[in-house]
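Visitor: Could you look at this predicted model? Sequence included:
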2 protein chains.
Amino acid sequence: MDENRASTALDELITALPDGTVVTDPDIVAAYRQDRAADPNAGTALAVVRPRSTEEVQTTLRWASTHRIAVIPRGMGTGLSGGATALDGAIVLSTEKMRDITVDPRTRTAVAQPGLLNAEVKKAAAEHGLWYPPDPSSFEICSIGGNIATNAGGLCCVKYGVTTDYVLGLQVVLADGTAVRLGGPRLKDVAGLSLTKLFVGSEGTLGVITEVTLKLLPAQHSACTVVATFGSVADAANAVVAITSRIRPSMLEFMDAAAINAVEDKLRMGLDRTAAAMILAASDERGPAGAQDAEFMVDVLNSHGAKEVFSTTDPDEGEAFVAARRYAIPAVEAKGSLLLEDVGVPLPQLAELVSGIEAIAAERDLLISVIAHAGDGNTHPLIVYDPADADMTARAHRAFGEIMELAVRLGGTITGEHGVGRLKRPWLASQLGPEAMELNRRIKQALDPLGILNPGAAI
Amino acid sequence: MDENRASTALDELITALPDGTVVTDPDIVAAYRQDRAADPNAGTALAVVRPRSTEEVQTTLRWASTHRIAVIPRGMGTGLSGGATALDGAIVLSTEKMRDITVDPRTRTAVAQPGLLNAEVKKAAAEHGLWYPPDPSSFEICSIGGNIATNAGGLCCVKYGVTTDYVLGLQVVLADGTAVRLGGPRLKDVAGLSLTKLFVGSEGTLGVITEVTLKLLPAQHSACTVVATFGSVADAANAVVAITSRIRPSMLEFMDAAAINAVEDKLRMGLDRTAAAMILAASDERGPAGAQDAEFMVDVLNSHGAKEVFSTTDPDEGEAFVAARRYAIPAVEAKGSLLLEDVGVPLPQLAELVSGIEAIAAERDLLISVIAHAGDGNTHPLIVYDPADADMTARAHRAFGEIMELAVRLGGTITGEHGVGRLKRPWLASQLGPEAMELNRRIKQALDPLGILNPGAAI
């Protein structure tokens, strides 16, 4: 579309929506070019649209369909795979102004608009003694809509499952502006195809989520926490398998030597700088069962050659270790820019994945620190590089691809919880195979025949 | 297709598959006309095909696509909504010969073929100290493939979720014979659309499931059981809401007066025949937490006006009550033929649903007994009628529809766990609305453009 036609089209949208909903100020539009993936190839949108209701989203998508203008749905822009990277000539549809929530303790559900932060959903639930479990590390800054669009994970998923397990219903607006209600506050409902689940994790390619019905749990019980250091990554990884094959810890995290040292550099909490790996585990089973689980984990960790094992029932002490683990990404980021990976493997392949990543780091002469939601086999290799160093940047990008190829070879996934976005799309076919790729395309074509929804992302 | 052409086509399939795979013996074919919904309008298939491998399913579907012959996928034929009712000129594809299973305790997963019984999956898991939770009442006779096709529920779903929550991966064969692998033994995987979840609950309309990867849990802990009788259905329903809004019972079942009396007629276990309702609840929390939950439930039941409350930690005693609850359907069936309903509502509407059903029973002069997975709002009204009495049969069918209409009016679902099949299809649109219906049709059209997969069922 040429500039004049685009500008005329945009005037139409500006008129159709309440004042201030469509933003064309170049500085503001520029601030919506990238998400946390910081894609250097990001384009510049025509405008940023910030609707406040389902109806305003419908107006926007009807307009976009009429003018064949691409729409990039965006939550809080914390995505790590470039799922919300702007394109030239597109509009960015930000759900940040859609912030209502109602909690119904009788049904243990919440109905939320997509722009609310994950932490705000947790807080609203907590006011009724309830709990929304999914806890991506970015929970204080990421939106619930973005969580649903990426089927986000987190630390407690090893026991409590991922976002999709808590989504009972959705309202979505399709590419042509049709609003559809799917599911609702019913724990069992098999009427029609499982469309609610299809939209979870669809990364803005099938529709825009404008409302979500979430399942809540009673408040979590306080946890017993166990920390162990290992001289060998393989021993740590094997201990993880030995734990999860017998019990359900509420957290089971891994940090390698580089992550331990990066955190210790910043927090000075006395972590063992000589350790090859650290495991951080917890059980939130009630009463003595939590302590029994902790004791079991201490035994398993010791019998797998842990250097040191520490166990605590003090929630503050436990939380300090969780905070250290959450701090690992910023701590490693202090060493340089990061390419943040998100590969996963079936648990028995965890040790081989980590040693394979070490080999890639050596081969490409890079620092790659591995942190992991070990209990579900989901790792975050952090590739450190200097963007001013062209050769190093090229090596970092090569390693980024090689790590995904390694995960696929080990029967794993290129993305456990961040999404495919634009960054990982070139590797998707190697994991899914041609038949599943074709199936993805058929569904996309059926729901968005003009291809205006988040083109170039995910599928 | 005329008879000669059909017969020539069938010869082709008989030749293409191993001896004995295609069955045309009229007595055997007749035995596959109906499932447990006993649809009087069932047709007669050309043949029953009983493949042993994914490849044989592919051969069958390629052949069916070429000849435009409808395929009715079938598990063990225990479906209650007519999802496996045969059609004239179609073939019935029974997965009953596909019976392999491998359990991997390291990943706490099982890879199973669809023809295995749910009970056999549970048993294979138990041999490794593991547990497959979903427990439809028919678990000893229903297939895991059928469970997945209907997204089956059961008694433990109130705490442990439904079938879809345990499906990590599938192999499916599409209408054109393409085999596709979706997901796998990875607890987190967001690469591509959530197609695994889309196939769960698709009732054989999108593809044939030929392999499934299931998530398993560590063995369940023994439960504390609480039984209470009430003089009022509303009091019992309100007690249910008061329990689930605070804790997570592992079972929370309801029987009305008719069900209590029907069971007591048969089992003579001393149930209170004067009670209007009975609640059966359990907690499988470990150690003292289970007893704490039981105590909490006893208090809630008493404070909601229970006539009598009984609590036990003896697993055998608890199991006797569960057996009584499971026996309710056959016990009521002794009074006449049954139309078995499966409507659900958001929990706070449970009392209104049950009283509305009472009103329909009075209006239509019928015995309708209500049993329910009360904790998740999923009820099974059992409409008793005499098929030899044409007027009564007509009234029963009218009540069947009126109960679904009532559930939809209360914000509920026409089917919580049995599926839409052919019996409930006329009511699907009233629940989903035209937009969601159109979305269902678009997906169906994208995946099965010739419409050969289970035509007339579900969508």
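Guide: In hand now; what should we look at? Numbering: from 1, shown residues only, chains lettered A, B, ... in the order given.
Visitor: Which parts of the stretch 301-450 of chain A are helices?
Guide: A:315-326, A:328-333, A:350-363, A:390-409, A:425-447 (DSSP state H, counting those that start in this stretch).
Visitor: Of these, which is nearest chain B?
Guide: For the helices of the stretch 301-450 of chain A, the distance to chain B is smallest for helix A:425-447, at 3.8 Å, taking CB to the nearest CB. The way it works is simple: take the backbone N, C-alpha and C, and place the C-beta from them, glycine included.
Visitor: related to what we said a few turns ago, dump the helices of the stretch 301-450 of chain A to a markdown table, plus mean neighbour count.
Guide: Output for those, formatted as a markdown table (neighbours: other CB atoms under 10 Å in any protein chain shown):
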| stretch | mean neighbour count |
| --- | --- |
| helix A:315-326 | 17 |
| helix A:328-333 | 21 |
| helix A:350-363 | 18 |
| helix A:390-409 | 18 |
| helix A:425-447 | 18 |
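Visitor: Put together JSON lines for those, with mean pLDDT and distance to B:E405 on each row.
Guide: As requested, these are arranged in JSON lines below (pLDDT from 0 to 100; distance: least, CB to CB, whole Å):
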{"stretch": "helix A:315-326", "mean pLDDT": "91", "distance to B:E405": "50"}
{"stretch": "helix A:328-333", "mean pLDDT": "94", "distance to B:E405": "53"}
{"stretch": "helix A:350-363", "mean pLDDT": "96", "distance to B:E405": "52"}
{"stretch": "helix A:390-409", "mean pLDDT": "98", "distance to B:E405": "50"}
{"stretch": "helix A:425-447", "mean pLDDT": "98", "distance to B:E405": "30"}
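Visitor: three-state assignment of the nearest residue to A:Y160 once chain neighbours are set aside?
Guide: Nearest non-adjacent residue to A:Y160, counting by CB to CB, 6 or more residues apart in numbering or on different chains: A:P133, 4.0 Å away. For A:P133, the assignment made with DSSP: H, G, I helix; E, B strand; the rest coil gives coil.
Visitor: Any idea how many residues pack against A:P133?
Guide: 23 (other CB atoms under 10 Å in any protein chain shown).
Visitor: repeat for A:N302
Guide: Neighbour number of A:N302 under other CB under 10 Å is 14.
Visitor: what about A:L170, which helix or strand?
Guide: strand A:167-173 (DSSP states H and E).
Visitor: Mind giving me the packing neighbours of that strand?
Guide: Secondary structure elements in contact with strand A:167-173, counted by 3 or more CB pairs under 8 Å, 6 or more residues apart in numbering or on different chains; DSSP states H and E, are helix A:54-67, strand A:179-183, helix A:195-199, strand A:208-215.
Visitor: Go ahead and name everything in contact with that strand.
Guide: A:54, A:57-58, A:61, A:109, A:148, A:179-187, A:196-197, A:199-200, A:206-215 (CB atoms under 8 Å, 6 or more residues apart in numbering or on different chains).
Visitor: same thing but 6 Å
Guide: Defining contact as CB atoms under 6 Å, 6 or more residues apart in numbering or on different chains, one finds that strand A:167-173 is touched by A:57-58, A:61, A:179-184, A:196, A:199-200, A:207-213, A:215.
Visitor: Kindly report the same for stretch A:126-144.
Guide: Residues contacting stretch A:126-144 (CB under 6 Å, 6+ apart): A:75-76, A:78, A:103, A:105, A:112, A:115-116, A:118-119, A:121-122, A:125, A:152, A:154-156, A:160, A:163, A:216-217, A:219-220, A:326.
Visitor: and the stretch 251-400 of chain A, which residues reach chain B?
Guide: By CB under 6 Å from any CB of the partner chain, the residues of the stretch 251-400 of chain A that approach chain B are A:285-289, A:344, A:346-348, A:376, A:378.
Visitor: Now tell me which of these the prediction trusts least.
Guide: pLDDT across these is at its lowest for A:G287, which sits at 89.
Visitor: ok, that residue touching B:G290?
Guide: No. Between A:G287 and B:G290 there is no contact under CB atoms under 6 Å: 9.6 Å.
Visitor: So which of these two has more stuff around it?
Guide: Neighbour count, other CB under 10 Å: between A:G287 and B:G290, B:G290 has more, with 23 against 16.
Visitor: about what we covered before: which ones among the residues of the stretch 251-400 of chain A next to chain B are found in strands?
Guide: Among those, the ones falling in strands (DSSP state E) are A:N378.
Visitor: Ranking by neighbours, what's the top pick from the residues of the stretch 251-400 of chain A next to chain B?
Guide: Of those, with other CB under 10 Å as the count, A:G344 tops at 31 neighbours.
Visitor: In space, what's closest to that one - neighbours in sequence excluded?
Guide: In space, A:G344 is closest to A:G416, 3.6 Å off (CB to CB, 6+ apart).
Visitor: ok, and what's touching stretch A:423-440?
Guide: Applying CB under 6 Å, 6+ apart, the external contacts of stretch A:423-440 come out as A:37, A:81-82, A:404, A:408, A:414-415, A:420, A:459, B:178, B:180, B:191-193, B:195.
Visitor: from those residues, which is closest to A:F230?
Guide: Of all these, A:F230 sits closest to A:M404, with 26.1 Å by CB to CB.
Visitor: The stretch 51-200 of chain A against chain B: which residues are in contact?
Guide: A:105-107, A:151, A:153, A:178, A:180, A:185-195, A:197-198, A:200.
Visitor: Quick check on the contacts of strand A:167-173: which are buried?
Guide: A:57-58, A:61, A:179-184, A:196, A:199-200, A:207-213, A:215 (16 or more other CB atoms under 10 Å in any protein chain shown).
Visitor: thinking again about what came up before, among the contacts of stretch A:126-144, which are in strands?
Guide: Filtering these for strands - DSSP E - leaves A:103, A:112, A:217.
Visitor: how many neighbours does the second one have?
Guide: Right, A:A112. Neighbour tally, A:A112, other CB under 10 Å: 26.
Visitor: now the contacts of stretch A:126-144: which count as buried?
Guide: Neighbour counting by 16+ other CB under 10 Å classes A:75-76, A:78, A:103, A:105, A:112, A:115-116, A:118-119, A:121-122, A:125, A:152, A:154-156, A:160, A:163, A:216-217, A:326 among the contacts of stretch A:126-144 as buried.
Visitor: Distance check, A:P434 against B:T60.
Guide: 22 Å (CB to CB, to the nearest Å).
Visitor: repeat for A:V22
Guide: 54 Å.
Visitor: Comparing those two, which shows the higher neighbour count?
Guide: More neighbours surround B:T60 than the other of A:V22 and B:T60, with 25 against 21 (other CB under 10 Å).
Visitor: could you dump stretch A:16-29 to CSV, C-alpha only?
Guide: Below are the C-alpha coordinates for stretch A:16-29, written out as CSV (Å, rounded to 0.1, in the frame of the first residue of the first chain):
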residue,chain,number,x,y,z
ALA,A,16,-13.9,4.9,14.1
LEU,A,17,-12.2,4.5,17.5
PRO,A,18,-12.4,6.7,20.6
ASP,A,19,-9.9,9.6,20.8
GLY,A,20,-6.4,8.6,21.7
THR,A,21,-6.9,4.9,20.9
VAL,A,22,-4.8,5.2,17.7
VAL,A,23,-1.3,6.5,18.3
THR,A,24,0.8,7.8,15.4
ASP,A,25,3.4,9.8,17.4
PRO,A,26,6.6,8.6,15.9
ASP,A,27,8.4,8.3,19.2
ILE,A,28,5.7,6.2,20.7
VAL,A,29,5.4,4.1,17.6
